[in-house]
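S.K.: the following block contains a protein sequence and its predicted model.
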Amino acid sequence: MLDEAWIAEALSEELGAPIAVAVAYGPADVDALSGTERRRYADLVGTPRCDSWLRGRAALKRLLVGIGDPPDTSALVFPHLRVSLTHCGRYAVAVALEGRGSGLGVDLEIRRSLPAEAARFFLSRGERELLPDPEGPALLRLWTVKEAVFKADPGNSGRGLLDYQVADPTVRRGEACLGRDPAMLIRYASLPVQGGFLTAAVATSAGTQKPARPVRSADSEPRRVGVLGERVEGQAHRGRVWP
């Protein structure tokens, strides 16, 4: 079990912003879905995505109610300035900034590891050279960092994980920037959880490049394949799949 209260408190303290957290272990009640959500659910019935989509709705609905918003998730468009969602195994974790935001991202990976060769697909040469152990837990932590940072960028359409540079890959709390636009700063914090990491990222500066218009929604196909071989919530980004 993931401790929602501890995660929310720790992320709020380390990111310097009030963060709300909701964790779902089971699917949302189909009877509680809105009309638009039910139509999306009908499209997914019988597909591998259906169960994780329902878990995501369960987490998002609890989150939205908790921050005083309507529970209908069909209006959410990712990347979102205040809300983000991640799936891992039987977990769905939704996070929200309690107030106005410039971008928020979250990623969870537990009980798994990455081969050292995968690092070149999401870490720059400079970032890889600073890794104390190329096959250790830091590699998985940095995967969650890059994923969360990517999701926190409201203009991430067409960008990839290698477009973002982490200032110091050896620390679990720090800053990243968009390589093409150093004025865009994203603050992140990683928490160790159940043999893995949960990382949240908050955009603190929008940068100078005009964000692309978001094209994915919670009820479209906001999924892609990552180097971990798992489909992950969030707008598609450039990159290769690690087999």
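M.R.: Structure's in. What do you need?

S.K.: next one: phi and psi at A203?
M.R.: Backbone torsions for A203, taken as degrees, to the nearest 10, come to phi -70, psi 120.

S.K.: pretty sure it contacts G103?
M.R.: Yes: with contact defined as Cβ atoms under 8 Å, A203 counts as touching G103 (3.2 Å). No exception for glycine: its C-beta is placed from N, CA and C like everyone else's.

S.K.: over to the most far-flung residue of the chain relative to its centre. Which of the three states is it?
M.R.: No residue in the chain sits farther from the centre than D31, which is 27.3 Å out by Cα atoms, centre = their mean. Secondary structure for D31, judged by DSSP: H, G, I helix; E, B strand; the rest coil, is helix.

S.K.: from V65, how far off is it?
M.R.: 16 Å (Cβ to Cβ, to the nearest Å).

S.K.: and T204, how close does it get to L185?
M.R.: With Cβ to Cβ as the criterion, T204 and L185 are 5 Å apart.

S.K.: what does L64 give?
M.R.: To L185, L64 is 27 Å away according to Cβ to Cβ.

S.K.: which of those two has more neighbours?
M.R.: Comparing L64 with L185 by other Cβ atoms under 10 Å, the one with more neighbours is L64, at 21 against 18.

S.K.: ok, that one touching T73?
M.R.: Yes: using Cβ under 8 Å, L64 makes contact with T73 at a distance of 7.1 Å.

S.K.: joint contacts of A203 and G103?
M.R.: Contact criterion Cβ atoms under 8 Å, 6 or more residues apart in numbering; residues shared by A203 and G103: A152, D153, P154, I186.

S.K.: okay if I get those as TSV plus pLDDT and secondary structure?
M.R.: Formatted as TSV, the shared contacts of A203 and G103 follow (pLDDT from 0 to 100; DSSP: H, G, I helix; E, B strand; the rest coil):
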residue	pLDDT	secondary structure
A152	97	helix
D153	95	coil
P154	93	coil
I186	96	strand
